[in-house]
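Trainee: After the sequence you'll find the predicted model.
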Amino acid sequence: MACSHQINSLFDRISAQYGSSLAEKIAAVSDRPLSLRSNPLKTTAEEVARFLTDAGLSYERASWFSDAFVIFNATPSDIQCLPMYSEGKIYLQSLSSMLPPLYLALKAGESILDMTAAPGGKTTEMYALSGGRALITACERDKIRFERLRFNLERQGATRVSAMLKDATSLDDFLSFDKILLDAPCTGSGTATRNSPVRFSEEYLAKCVRMQERLLMKASKLLKKGGTLVYSTCSILKEENWELLERVLPKAGARLVPIEPFEGIPTLPSREGTVTVCPTDLYEGFFLAKIEK
C-alpha cells in the first residue's frame, strides 16, 4: 500500500504540473532499451557500429551525438560480456544522461569540476570530449560509489581525472573552476517506468531540494567569473529544477544562459531557456540548465 501511495503521489505531482493527459502518457512509458556510448579515447563510433552489427545486435544511432547507440535486443549482461565493454571501448549510459556534458562545450586545458561524479558516466564522457586534455576534478562522498567511480575512470582510460572521496559542498572556497557540472541528486521522477516505479514522498522531495540548493550555492562560489555551470537532474518536477534556479541564482550572483534542445529530443514545457526532456520509451525525463557567473 505504501508503494502504491508513493506512485499516486508522484502521478498527482506530475499531473498538476503538466496536465492529466500528459501525465497519463508519462505513466504509461514502458521499460526502455539499453543505450551506450562509444569511447573515442579507445575506439571510434564506426568501429563500435561494425562490432555491434557483427555481434548480431540491433541498434540505432542518435542523430544529436555520434557516439550514442540504442540497443534493442540485448540485456545489460549481454553487453557486459562483450570484449569492447571490458576493454573500456563502450560505456552503458542512458541517452538523457549523455546530454549535460555536451552543453558544457569543454576545451583543452580548462579546469572542470564534477560535483557528484559516481558512477562516472558523465565524468568519463567529459574527459573523452576534451580528448583527455581537460583538468577534471571528480567528487563523490559515498565510499562504495567512489570505488565504482575509480574503477570506471581506469577502465575508460580517464587517467588524468583527479578523483576525490569528498562531499563537494565541503571543498575549500579558495578553489575555482572554469566549468562545473552539477548533476544533482534528486527524486529520479524522470526515470520511472510502468514496471519500475521510483521512491517518492513529499518528505523525500523536500530533502532533495535542500541538498540541491546547498550544492548549487557551493557551485556558484567555486565557479570562476565568466565560467559556465550546467545544472541537471533526472527529475521532471519544477521544485527541483527551474523553480529552484529562480530562487537560488539571484542569491548566488549567477544568471541563466538560454539553451535549446538538440534536434530530435522530446521535451516537456519548461521555463524559457531551460530544457526538460520528456520521459518516453527511449528517453528518461531530465532537466538541463546552463548558468554563468
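Mentor: Yep, that arrived. Numbers count the residues shown, from 1 in each chain.

Trainee: Put the alpha carbons of whichever strand or helix holds Ile136 into CSV.
Mentor: For Ile136, the enclosing helix or strand under DSSP states H and E is strand 135-140. Extracted C-alpha coordinates of strand 135-140, given in CSV (Å, rounded to 0.1, in the frame of the first residue of the first chain):
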residue,chain,number,x,y,z
LEU,A,135,41.7,19.1,-16.0
ILE,A,136,38.8,17.3,-14.3
THR,A,137,38.2,17.0,-10.5
ALA,A,138,35.5,14.5,-9.7
CYS,A,139,33.9,14.4,-6.2
GLU,A,140,31.9,11.6,-4.7
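
Trainee: Contacts made by it with the rest, please.
Mentor: By CB atoms under 8 Å, 6 or more residues apart in numbering, the residues outside strand 135-140 that reach it are 109-118, 120, 123, 126-127, 130, 146, 149, 153, 158, 160-168, 171, 177. Using the backbone N, CA and C atoms, a C-beta is placed for each residue, glycine as well.

Trainee: which among those end up buried?
Mentor: Buried residues within the contacts of strand 135-140, counting neighbours by 16 or more other CB atoms under 10 Å: 110-118, 120, 123, 126-127, 130, 146, 149, 153, 158, 161, 163-164, 167-168, 171, 177.

Trainee: Helices - which of those residues land there?
Mentor: Among the buried ones among the contacts of strand 135-140, DSSP state H puts Thr123, Met126, Tyr127, Phe146, Leu149, Leu153 in helices.

Trainee: Of those, just say which sits nearest to Pro266.
Mentor: Met126 (24.2 Å; CB to CB).

Trainee: Now that closest one. Nearest residue, chain neighbours left out?
Mentor: If the residues on either side of it in the chain are set aside, Met126 comes closest to Pro101, at 4.6 Å by CB to CB, 6 or more residues apart in numbering.

Trainee: What is the helix or strand where that neighbour lies packed up against?
Mentor: For Pro101, the host element (DSSP H and E) is helix 99-104. The helices and strands touching helix 99-104, judged by 3 or more CB pairs under 8 Å, 6 or more residues apart in numbering; DSSP states H and E, are helix 121-129, strand 177-183, strand 223-233, strand 286-292.

Trainee: Can you mark which positions in the longest one are buried?
Mentor: For strand 223-233, the buried set under the neighbour-count rule, 16+ other CB under 10 Å, comprises Leu223, Gly227, Thr228, Leu229, Val230, Tyr231, Ser232, Thr233.

Trainee: before we move on, what about the last one?
Mentor: Counting neighbours by 16+ other CB under 10 Å, one finds that the buried residues in strand 286-292 are Phe286, Phe287, Leu288, Ala289, Lys290, Ile291.

Trainee: Pipe the residues you listed into CSV and attach distance to Ser270 and pLDDT per row.
Mentor: Output for these, formatted as CSV (distance: CB to CB, whole Å; pLDDT from 0 to 100):
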residue, distance to Ser270, pLDDT
Phe286, 11, 98
Phe287, 7, 98
Leu288, 9, 98
Ala289, 9, 98
Lys290, 13, 98
Ile291, 15, 98
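
Trainee: so can I have TSV of the residues you listed showing distance to Ala68?
Mentor: Formatted as TSV, the buried residues of strand 286-292 follow (distance: CB to CB, whole Å):
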residue	distance to Ala68
Phe286	14
Phe287	19
Leu288	16
Ala289	21
Lys290	20
Ile291	25
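
Trainee: and which of those is nearest Thr274?
Mentor: The closest of the buried residues of strand 286-292, once distances to Thr274 are taken by CB to CB, is Ala289, at 4.5 Å.

Trainee: give the contact list for the closest one.
Mentor: Residues near Ala289 by CB under 8 Å, 6+ apart: Val230, Tyr231, Ser232, Asn241, Trp242, Leu245, Leu256, Ile259, Gly273, Thr274, Val275.

Trainee: PyMOL command for the buried members of those?
Mentor: Buried subset of these, written as a PyMOL selection, criterion 16+ other CB under 10 Å:
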select buried, resi 230+231+232+241+242+245+256+274+275
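
Trainee: can you tell me which of the contacts of Ala289 are in helices?
Mentor: Residues of these located in helices (DSSP H): Trp242, Leu245.

Trainee: Specify which member of the contacts of Ala289 is nearest to Ala62.
Mentor: Nearest to Ala62 among the contacts of Ala289, with distances taken as CB to CB, is Val275, at 15.6 Å.

Trainee: Please determine how far that closest one is located from Gly190.
Mentor: When distance is defined by CB to CB, to the nearest Å, Val275 is 12 Å away from Gly190.

Trainee: shared neighbours, the two?
Mentor: With CB under 8 Å, 6+ apart as the test, Val275 and Gly190 both reach Phe287.
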